[in-house]
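*Asks:* make a model of this:
(2 chains)
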Amino acid sequence: MSQEIDEIIKRIMAHKGVIGVIIVNNDGIPLRSTLENSQSVHYASQIHSLASKARGVIREIDSSNDLRFLRVRSTKHEILVAPDHDYFMIVIQKDASN
Amino acid sequence: MPPKQVKSKTAASVDRKRSKRGADGDDLTEMGDGTEQDDWMQAKTLVKPEDQLELSEAELKEEFTRILTANNPHAPQNIVRYSFKERQYKQTSSVDQLAVHFALDGNLLHKDSEEARKQFNRTGLAETKEEQAEPAAEAAATEEGGEEGASGEGKEEAGDEDAAPAPASKAGGKEKKLTNQFNFSERASQTYNNPFRDRATVTEPPPRASFSSNVTQWEIYDAYQEDFEKQEKSKEKKVIPGRKEEEKSKKKFQISETSSDDITRVETAAKIVERMVNQNTYDDIAQDFKYWEDVSDEFRDSEGTLLPLWKFSFEKAKKLAITSVCWSPKYRDLVAVSCGSYDFMKQGSGLIILWTMKNPSFPECYFETDSGVMCLDVHPQHPHWICAGFYDGSVAIFSAVDKREGAIHRCTAKNGKHTDPVWQVRWQKDDADNNMNFYSISSDGRICLWTILKNEMVYQDVIRLSLPDVSAEGPDGIKVATTGCGTAFDFHKQKDYLFLVGTEEGKVHICSKAYTSHFIDTIDAHNMAVYKVCWNRFHPKIFITCSADWTVKIWEMKDTMDKSESGDEARKPLFSFDLNNSVGDVAWAPYSSTVFAAVTSDGKAFVYDLNANKYEPLCEQMVAQKKKTKLTHVEFNPTYPIVVIGDDRGNVTSLKLSPNLRKMKAEKKGAPPVDEATKVQREIEKLEKILSMVRNQPTEATA
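*Replies:* Numbering: from 1, shown residues only, chains lettered A, B, ... in the order given. Below is the predicted model of the structure:
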């Protein structure tokens, strides 16, 4: 099963503009990452709190709702976050139109 | 204390020891002691202890002054008390020097006192002796302990008057005890009080842990949900498990709870992220899909264009041709594609691929097969069931949800496998026993009905396509009926039992499920093999056929009773279009009764709208990327204005239809919204109008 995940990560990395893929668990610790460790940890901790907050917002307003994904577009690139039950998956992609 | 000590005769100084001995301070006693001591001394020799202090004569004769004061030597000399008023420790100025050596509480009462009188009354003694006034009612004041002195001399009282009061009832109301004054004694006894013992044990303190948590609205909700689910589960266990999981399973994957590697649980998130990345990468295409409309269509009334959108290509399918395309009836973005090879000489493996528009770079799901897959169909009600027909003549069923590598069911040579490639399969409605079933048609001339029972597939021959006119000569000259080769079929939308069959000889048969041996009607439609037959989605009697003879023809089904009508051996089509190359596929549009699309072997796609132009296509467009690519199949998406075209290089291309190509009847302003039936009716009327013009002159119109 984990090969499938690896395959998916590989495919995502093959897309143009993708800088990195990080899989973070509930404690904010990166499990898999294609970036180097210090960067991964940096991204992981920051985004983890942001995504948790976002999730809290959605659920607080309507408990039967849940966060599907979160996109943060910045001037340089875009951070895509998809939460799961226990994990977050983070992809950093450069803007494709550049 | 050294025994030899000079006794000073100072009146005030007394040896402490001595004063103790003689409390009276009697000289006589003193003297007596001293004399005694001397006698004692002489009798014995002096024994000096080793550690005795050696003192010189002069030191021995030293006089020590002792002062007798009235101070209590045991009293502390400086008592310091904390004064709250002055907030500091202050020394008490004078210390109480009183030392009590002995105290004895007396128990004498004055005979005239109140208490004494009470006693007199109680004891009844000495009333005559003393002058006693008759006591008033006795108040039950303090009582004596109970002990009374035996002697009659004194009224002795035992204990203090402040001692704990005995029950009051004793004093008043009770009869006076007649006691013998001489030897009466009240006796009391006390039980032995067990000595107290303190026992204590110390246990290990329970382990402690700190716990803190936040409560938010959704956490409460989650807790309730869990509880609810548990309740449901316990209910379900009681209910007999009815329907199998097939009803509930969907094409989209469900996560199976595995307790193995942690990372496997990320699957859905990974999927979502992949789609997001794809969305980003193909952002412009996605925008086009959603919003782009060809503006130039406003100026060109009878022309339209196809805008290329996503291209789906899979590594393993590169050498294969797309043999069939089918949109999922439930998921509007999911398309199932079968790959195989049309080339007789080059037969290899096959693939069944499920693509989603949300992820153009990698298939949702794919199955590899050993033989080329020639056709496939997705079940309308259970969108995860896919039936497929192979080049080697077998049919199989796949489930998109089931994770197994291959088919759920596959028929074998014993089990009714066709002897020639299966060209088309189609699901039917569940039969009377609620079993799924599907039809397959093959070049061996058989149309089979396959039923899925619990664990197997059962087949049943429905029709044999025989060629009544042509019969081959057997070895002994016996005429053997030859069978035709079926290449396509289509079931009527409303009348389920009615279906069309296209053959390799170019004939089209109209058949019914009820009749197994002969056809309702036969039409010599084409000169070469018929590749596709398709009923019109709105009009119940119109169908379209396409063939390798470069033509697309539209026919009308005549009533079977009208055999006598004009004796048409050669029935004529209502419309016929020549497309300059072998037509691989044709399909009616789902939104209009007059629009259809066709694809040819020279890589072009054609879109016709009979309403707009009866003779020429609205759009003729080169779709294939490379030259010499044949387009093999075309399908319209049921909801979106998209067509998907497959070619013989394993590529699937999606194109958006421009507005001119999807004209539907404009509603009158202010009219209420139209419902389904009316829409259908309108479409039929539209087509009828066109047909009526054509019917009277059934001549072919060529492009």
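
*Asks:* how about the strands of chain A, start to end?
*Replies:* A:18-25, A:30-33, A:70-73, A:77-83, A:87-94 (DSSP state E).

*Asks:* pLDDT (mean, whole number) over the fourth one?
*Replies:* The pLDDT scores in strand A:77-83 average 88.

*Asks:* and for the second one?
*Replies:* Across strand A:30-33, pLDDT averages out at 86.

*Asks:* can you check stretch B:442-455 too?
*Replies:* 82.

*Asks:* just the terminal-to-terminal distance for it.
*Replies:* Using Cα to Cα, to the nearest Å, the end-to-end distance of stretch B:442-455 comes out at 24 Å.

*Asks:* show me the shaky parts of chain A.
*Replies:* A:1, A:96-98 (pLDDT under 70).

*Asks:* not counting sequence-adjacent ones, nearest residue to B:I408?
*Replies:* B:I397 (4.8 Å; Cβ to Cβ, 6 or more residues apart in numbering or on different chains). Every residue, glycine included, has its C-beta placed from N, CA and C.

*Asks:* now do the SS call for that neighbour.
*Replies:* When classified by DSSP: H, G, I helix; E, B strand; the rest coil, B:I397 comes out as strand.

*Asks:* quick check: beta-bridge partners of it?
*Replies:* B:C387, B:H409 (DSSP bridges).

*Asks:* tell me how many other residues surround it.
*Replies:* 21 (other Cβ atoms under 10 Å in any protein chain shown).

*Asks:* ok, which stretches of the stretch 51-200 of chain B are helices?
*Replies:* B:57-60, B:114-123 (DSSP state H, counting those that start in this stretch).

*Asks:* deepest in the core, which of the ones you listed is it.
*Replies:* Mean neighbour count (mean count of other Cβ atoms under 10 Å in any protein chain shown) peaks for helix B:114-123 among the helices of the stretch 51-200 of chain B, with a mean of 17.

*Asks:* do the following helix or strand past that helix and chain A come into contact?
*Replies:* Counting by DSSP states H and E, the next helix or strand C-terminal to helix B:114-123 is helix B:217-238. Yes. Judged by Cβ under 8 Å from any Cβ of the partner chain, helix B:217-238 and chain A are in contact via B:217-218, B:220-222.

*Asks:* weakest of the helices of the stretch 51-200 of chain B by average pLDDT?
*Replies:* Looking at the helices of the stretch 51-200 of chain B, the weakest mean confidence is helix B:57-60, a mean of 80.

*Asks:* put the alpha carbons of that one into PDB.
*Replies:* The C-alpha coordinates for helix B:57-60 follow below in PDB (Å, rounded to 0.1, in the frame of the first residue of the first chain):
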ATOM      1  CA  GLU B  57      43.700  23.100 100.100                       C
ATOM      2  CA  ALA B  58      43.200  26.700  99.400                       C
ATOM      3  CA  GLU B  59      40.600  25.900  96.700                       C
ATOM      4  CA  LEU B  60      39.000  23.500  99.100                       C
END
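
*Asks:* can I get the helices of the stretch 51-200 of chain B in TSV including distance to B:I463?
*Replies:* Below are these laid out as TSV (distance: least, Cβ to Cβ, whole Å):
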stretch	distance to B:I463
helix B:57-60	151
helix B:114-123	134
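
*Asks:* chain A is nearest to which of the ones you listed?
*Replies:* Judged by Cβ to the nearest Cβ, the one of these that comes nearest to chain A is helix B:114-123, at 83.5 Å.

*Asks:* just to check, the residue nearest to B:I408 is in contact with B:I386?
*Replies:* Yes. Counting by Cβ atoms under 8 Å, B:I397 does reach B:I386; the two are 7.0 Å apart.

*Asks:* how near is B:Y615 to chain A?
*Replies:* 44 Å (Cβ to the nearest Cβ, to the nearest Å).

*Asks:* show me what contacts B:V373?
*Replies:* By Cβ atoms under 8 Å, 6 or more residues apart in numbering or on different chains, the contact list for B:V373 reads B:323-324, B:338-340, B:350-352, B:388-391.

*Asks:* do that again at 7 Å, thanks
*Replies:* B:323, B:338-340, B:350-352, B:388, B:390 (Cβ atoms under 7 Å, 6 or more residues apart in numbering or on different chains).

*Asks:* next one: A:D95
*Replies:* Applying Cβ under 7 Å, 6+ apart, we find A:D95 in contact with A:77-78.

*Asks:* could you dump the helices of the stretch 51-200 of chain B to CSV with distance to chain A?
*Replies:* Below are those laid out as CSV (distance: least, Cβ to the nearest Cβ, whole Å):
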stretch, distance to chain A
helix B:57-60, 88
helix B:114-123, 84
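
*Asks:* centroid residue for the chain?
*Replies:* Going with chain A. For chain A, A:I90 is the residue whose C-alpha lies nearest the centre (Cα atoms, centre = their mean; 1.5 Å).

*Asks:* should've been chain B
*Replies:* Geometric middle of chain B (Cα atoms, centre = their mean) lands on B:E226, at 8.1 Å.

*Asks:* could you point out the longest helix of chain A?
*Replies:* Assignment by DSSP state H gives helix A:37-61 as the longest helix of chain A.

*Asks:* just checking, what packs against that one?
*Replies:* With contacts taken as 3 or more Cβ pairs under 7 Å, 6 or more residues apart in numbering or on different chains; DSSP states H and E, helix A:37-61 sits against strand A:18-25, strand A:30-33, strand A:77-83, strand A:87-94, helix B:217-238.

*Asks:* 8 Å - rerun?
*Replies:* On a contact count with 3 or more Cβ pairs under 8 Å, 6 or more residues apart in numbering or on different chains; DSSP states H and E, helix A:37-61 meets strand A:18-25, strand A:30-33, strand A:70-73, strand A:77-83, strand A:87-94, helix B:217-238.

*Asks:* next, format these as CSV and append distance to B:E364.
*Replies:* Shown next, in CSV, are those (distance: least, Cβ to Cβ, whole Å):
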stretch, distance to B:E364
strand A:18-25, 20
strand A:30-33, 23
strand A:70-73, 22
strand A:77-83, 17
strand A:87-94, 18
helix B:217-238, 28
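
*Asks:* the helices in chain B, which residues?
*Replies:* Using DSSP H, helices in chain B cover B:16-21, B:27-43, B:57-60, B:114-123, B:217-238, B:267-281, B:283-291, B:676-695.

*Asks:* most tightly packed of these?
*Replies:* helix B:267-281 (a mean of 22).

*Asks:* helices and strands around that one, which ones?
*Replies:* Packed against helix B:267-281 by the contact rule (3+ Cβ pairs under 8 Å, 6+ apart) you find helix A:2-14, strand A:18-25, strand A:77-83, strand A:87-94.

*Asks:* run me through the strand neighbours of the third one, direction for each.
*Replies:* If I follow you right, that is strand A:77-83. Sheet pairing of strand A:77-83 (DSSP bridges) gives strand A:70-73 (antiparallel), strand A:87-94 (antiparallel).

*Asks:* tilt between the longest one and helix B:267-281?
*Replies:* Angle between the axes of strand A:87-94 and helix B:267-281 is 10 degrees (criterion: axes from the mean of the first three to the mean of the last three Cα atoms, to 10 degrees).

*Asks:* in the stretch 1-150 of chain B, what residue is nearest chain A?
*Replies:* For the stretch 1-150 of chain B, Cβ to the nearest Cβ, closest residue to chain A: B:R87, 54.0 Å.
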